[in-house]
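Participant: could you work out the structure for the sequence below:
(one chain, ligands or ions: 1)
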Amino acid sequence: MVDFDPRMHEYYPLLTAAHGIVKVRVRQSMDGKALMMTELLKLPDGQPVLRVAPMPADVNAAGDIFGGWVMAHVDIAGGIVATQRARGRVATVAVNSFQFKQPVSVGDVVSIYAQVIEVGRTSITVDVSVYAERNPVNPVVVKVTEAKLTFVALDREGAKRLVPAAVP
Ligand SMILES: CC(C)(COP(=O)(O)OP(=O)(O)OC[C@H]1O[C@@H](n2cnc3c(N)ncnc32)[C@H](O)[C@@H]1OP(=O)(O)O)[C@@H](O)C(=O)NCCC(=O)NCCS
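Facilitator: Got it, this is the predicted structure:
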């Protein structure tokens with residue numbers, strides 16, 4: 001289901017957003033009207049931090065993959081990029097936002113992309129996007145989850161420490 005506000009062109013001359021299995025592009029035409037184009041979603045460019053296939057042991061009573069399985073893998077992927085940026089130990093201090101956009105099923109191949117979006121004194125905030133590739137006969141990519149997590153750099157004793165300067 002694609003949510004489309006026909007007045008979007010009033011405030012976005014160009015908008016691209018991922019909605020489930022389609023990417024929606026809204027462009028402003030010469031006469032000022034909004035043109036909406038859709039295309040099948042592809043995996044983002046670049047390498048995912050994690051690729052993993054959920055197993056039947058990971059399903060909930062309804063047969064979908066348990067949300068906690070997705071949350072754990074999002075935390076692992078975010079922690080990997082935060083650890084690289086912190087050049088050492090980190091701990092998750094906050095899950096700022098977490099949206100399950102679509103269910104995940106056994107047979108899906110889940111790809112998790114994560115990137116640092118903000119670095120504070122001791123904290124590192126990471127944006128995480130999760131995609132599922134399904135139906136290998138006629139492959140479809142579905143964006144299943146979006147999340148933002150904050151990690152804190154820790155020293156050996158578990159006390160917070162300053163995030164070091166980025167490696168150029
Ligand atoms: C992480 C920990 C050491 C932070 O200690 P603290 O003294 O409470 O830290 P502070 O309140 O000074 O916050 C540290 C940083 O985190 C940020 N932060 C704290 N709470 C936050 C929140 N709810 N959302 C976003 N950022 C937050 C602060 O802004 C600060 O960032 P900055 O230094 O870049 O400005 C401590 O809270 C801790 O050990 N928590 C448990 C972590 C853990 O076990 N995680 C795994 C859970 S299973």
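Participant: residue 64 contacts residue 100, correct?
Facilitator: No. In this structure, residue 64 is not within contact of residue 100 by Cβ atoms under 8 Å, at 9.7 Å. Just so you know, the C-beta spots here come from the backbone N, C-alpha and C atoms, and that holds for glycine as well.
Participant: the more surrounded of these two?
Facilitator: Shown here are residue 64 and residue 100; by other Cβ atoms under 10 Å, residue 64 has more neighbours (18 against 15).
Participant: which residues of this protein lie near the ligand?
Facilitator: 91-94, 96, 120-123, 150, 152, 160 (Cβ under 6 Å from any ligand atom).
Participant: please indicate which of those residues are buried?
Facilitator: Among the residues of the chain next to the ligand, those classed as buried by 16 or more other Cβ atoms under 10 Å are 93, 122-123, 150, 152.
Participant: among those, which two are most distant?
Facilitator: Within those, two members stand farthest from each other by Cβ to Cβ: 122 and 150, at 10.1 Å.
Participant: on that earlier part again, secondary structure and pLDDT added to the residues of the chain next to the ligand, as a markdown table?
Facilitator: As requested, those are exported to a markdown table (DSSP: H, G, I helix; E, B strand; the rest coil; pLDDT from 0 to 100):
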| residue | secondary structure | pLDDT |
| --- | --- | --- |
| 91 | strand | 98 |
| 92 | strand | 98 |
| 93 | strand | 98 |
| 94 | strand | 98 |
| 96 | strand | 98 |
| 120 | coil | 98 |
| 121 | coil | 98 |
| 122 | coil | 98 |
| 123 | strand | 98 |
| 150 | strand | 98 |
| 152 | strand | 98 |
| 160 | strand | 98 |
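Participant: how about residue 122, what does it touch?
Facilitator: Counting by Cβ atoms under 8 Å, 6 or more residues apart in numbering, residue 122 touches 152-153, 160-163.
Participant: out of these, which two sit at the greatest distance?
Facilitator: The two members of the contacts of residue 122 with the most space between them (Cβ to Cβ) are 152 and 162, at 10.7 Å.
Participant: now residue 71: which helix or strand?
Facilitator: Applying DSSP states H and E as the criterion places residue 71 in helix 67-86.
Participant: run the chain-centre distance for that helix.
Facilitator: Helix 67-86 sits 11 Å away from the centroid of its parent chain (Cα atoms, centre = their mean, to the nearest Å).
Participant: and the buried ones among the residues of the chain next to the ligand, which is closest to residue 49?
Facilitator: residue 150 (16.7 Å).
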